[in-house]
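Asker: Got a sequence here, can you build the structure:
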Amino acid sequence: MPHPHILLLTLHDPTEFAFPAWLPGLPPGALSLVLDRDSVTADDLTALAADPAYGFVRAYPNYLNNGNVYADLDALHRTRPVTHILAFGEDDVLRAARLRERWGLPGQGWPAPRPSATRCWPAPRCRRRGCRPTRAPP
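Answerer: Model (predicted):
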């Protein structure tokens, strides 16, 4: 197996997650981080980019609708193939599924996450679409 290259997708503040500590034993640069520009301060973004755990750190304005995210990740994957994708938000689950399909990676592909990501559907509509409605936690 090639060296792991783990793509982390998050709309949230990445300083709230201890990604390198959660994934010990990885070679330097094995993590790539893609995030929303508004979720992190300029100083934190600079610190993340300087962290040897990360080989690629990119923050995007209008992260959810920015087509450059896919273009840049395709280019990254061509030069350093991604082996795993971890998503840290509902919108990121959808993006991760699309990327897994596109790159032939294991894990949940598209359109599998749609029914679970649309939890606001009323139960009858959900059933008509072939998914099982879930109950909200107490």
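Asker: so where do the helices sit in the chain?
Answerer: 19-22, 42-50, 68-79, 90-103, 113-117, 123-128 (DSSP state H).
Asker: mind putting those in a markdown table, mean pLDDT included?
Answerer: What follows is the helices of the chain, written out as a markdown table (pLDDT from 0 to 100):
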| stretch | mean pLDDT |
| --- | --- |
| helix 19-22 | 92 |
| helix 42-50 | 96 |
| helix 68-79 | 96 |
| helix 90-103 | 90 |
| helix 113-117 | 50 |
| helix 123-128 | 63 |
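Asker: so which of the ones you listed comes closest to Ala59?
Answerer: helix 42-50 (5.6 Å; CB to CB). C-beta: built from backbone N, CA, C; applies to glycine.
Asker: Buried residues, that closest one. List them.
Answerer: 45, 48 (16 or more other CB atoms under 10 Å).
Asker: now stretch 65-81, how far from the centre of its chain.
Answerer: From the chain centre to the centre of stretch 65-81 is a distance of 12 Å (CA atoms, centre = their mean, to the nearest Å).
Asker: among the helices of the chain, which is nearest Ser32?
Answerer: helix 68-79 (6.4 Å).
Asker: Can you check what angle separates the closest one from helix 90-103?
Answerer: Orientation of helix 68-79 against helix 90-103 (axes from the mean of the first three to the mean of the last three CA atoms, to 10 degrees) gives an angle of 40 degrees.
Asker: any chance of the helices of the chain in a markdown table, plus distance to Tyr60?
Answerer: Listed next are the helices of the chain as a markdown table, based on distance: least, CB to CB, whole Å:
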| stretch | distance to Tyr60 |
| --- | --- |
| helix 19-22 | 18 |
| helix 42-50 | 11 |
| helix 68-79 | 6 |
| helix 90-103 | 11 |
| helix 113-117 | 20 |
| helix 123-128 | 32 |
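Asker: and those, which is most packed in?
Answerer: The highest average neighbour count among the helices of the chain, using mean count of other CB atoms under 10 Å, belongs to helix 90-103 at a mean of 19.
Asker: Fine, thanks again, bye for now.
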